[in-house]
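Novice: dropping a prediction and its sequence here:
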Amino acid sequence: FFIRPFYKMMLGKQIDLKDMESVDSEYYNSLLWIKENDPSELELTFCVDEESFGHTSQRELKANGANIPVTNENKDEYISLVIEWRFVSRVKDQMNAFLDGFNALVPLALIKIFDEHELELLACGIQHIDVKDWKKNTLYKGDYHANHITVQWFWRVVLSFNNEMRARLLQFVTGTSRVPMNGFKELYGSNGPQLFTIEKWGTPENYPRAHT
C-alpha cells in the first residue's frame, strides 16, 4: 500500500503540513516549530540538503534561495516549498509516469469523485483483519492492561464489527486501513515500527484524536 499523500497526489490535491506527520514525524515537528515560532535565529535559507547516491548537495527551493533567509514573514512560503520538494518535486517524473499508466487503464477523471481515504480502500480493497493477531500485538500504556474493563469493552466492540468497520477503525487510528503482510507485529507508525497502542491519556472532556 502507499502512504496517504500518494493518494492525494493521484487526486491532484495539495499536500499540506499535516500530511508530513504520518510520513516523517521528526521533519513534521521541525516544520511545525518553524510555523509556530520565529525561525530567524536558526539562520535558515530557502535551501534543503538533498542526498543522491551517498552524496549530499544543496538544492534551492526557489531562485536565489541560498541567499534568501527564512524569516517570520516568509516562513509559510518556506514550509510550503519544503513540502512541495519533499513530496512532489523529487518524484515528479516517476509520479507522472505512474499516472500516465494508470490513466491508460482507468481515466483519472473517474476517481475525482473520491477522497484520498476512499481511494485507498478502492485501490487496496479490504483484507481480512484478524482480531486475535491484533490483540496479541497490542501494547498497553498508562493504567491500561489487557484485563482492564475499558480495554475489554474496546475489544468486544471490535469483535462485533464486520471487516469493513474494522478496516475503517484501523484507518481512523493509524492512517491506513491495511495490515502489513506479516500481521500486526509489523505495523508501522510515524516513527517506524510501532505496535498498535492503547493508552490512557487526557481527560473525559478531551475529543478523540486520529491520523487523518
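Specialist: In hand now; what should we look at?

Novice: from Gln58, how far out is the spatially most distant residue from the centre of the chain?
Specialist: Distance from the centre of the chain peaks at Asn67, with 31.9 Å (Cα atoms, centre = their mean). Using Cβ to Cβ, to the nearest Å, Asn67 is found at 12 Å from Gln58. To be clear about C-beta, it is placed using only N, CA and C from the backbone, and glycine gets the same treatment.

Novice: domain assignment for this structure?
Specialist: Following automatic domain parsing, the chain resolves into domains at 4-122, 127-199.

Novice: what ranges does the chain have for its strands?
Specialist: 47-52, 55-60, 138-141, 188-189, 192-193, 196-199 (DSSP state E).

Novice: mind giving me CSV with the ones you listed and columns for distance to Thr150 and mean pLDDT?
Specialist: Output for the strands of the chain, formatted as CSV (distance: least, Cβ to Cβ, whole Å; pLDDT from 0 to 100):
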stretch, distance to Thr150, mean pLDDT
strand 47-52, 44, 83
strand 55-60, 48, 85
strand 138-141, 10, 92
strand 188-189, 22, 66
strand 192-193, 26, 66
strand 196-199, 8, 88
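
Novice: nearest to Asp76, out of these?
Specialist: Nearest to Asp76 among the strands of the chain is strand 47-52; the distance by Cβ to Cβ comes to 16.3 Å.

Novice: distance between the closest one and the chain's centre?
Specialist: Distance of strand 47-52 from the chain centroid (Cα atoms, centre = their mean, to the nearest Å) equals 22 Å.

Novice: stretch 31-41 too?
Specialist: 21 Å.

Novice: ok, now stretch 124-135?
Specialist: With Cα atoms, centre = their mean, you get 20 Å for stretch 124-135.

Novice: could you give the mean pLDDT of that stretch?
Specialist: Predicted confidence along stretch 124-135 averages 84 (mean pLDDT).

Novice: so which of the domains of the chain is nearest Tyr207?
Specialist: Distance to Tyr207, taken as Cβ to Cβ, is lowest for domain 127-199 among the domains of the chain, at 13.1 Å.

Novice: gap between the two ends of the closest one?
Specialist: 26 Å (Cα to Cα, to the nearest Å).

Novice: what does stretch 83-91 give?
Specialist: Stretch 83-91 has its terminal residues 12 Å apart, counting by Cα to Cα.

Novice: would you mark the buried spots in it?
Specialist: Residues 83, 86-87 are the ones in stretch 83-91 that count as buried (16 or more other Cβ atoms under 10 Å).

Novice: what do you get for stretch 50-61?
Specialist: Buried positions in stretch 50-61, judged by neighbour count with 16+ other Cβ under 10 Å: 60-61.

Novice: output it as CSV - backbone C-alpha positions only.
Specialist: Extracted C-alpha coordinates of stretch 50-61, given in CSV (Å, rounded to 0.1, in the frame of the first residue of the first chain):
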residue,chain,number,x,y,z
GLU,A,50,19.4,16.6,-0.9
GLU,A,51,21.1,13.2,-0.9
SER,A,52,21.8,11.2,-4.1
PHE,A,53,23.9,8.0,-4.1
GLY,A,54,25.6,8.9,-0.8
HIS,A,55,26.4,12.4,-1.9
THR,A,56,24.8,15.4,-0.2
SER,A,57,24.2,18.6,-2.0
GLN,A,58,22.2,21.8,-1.5
ARG,A,59,19.0,22.4,-3.5
GLU,A,60,17.5,25.8,-3.8
LEU,A,61,13.7,25.8,-3.2
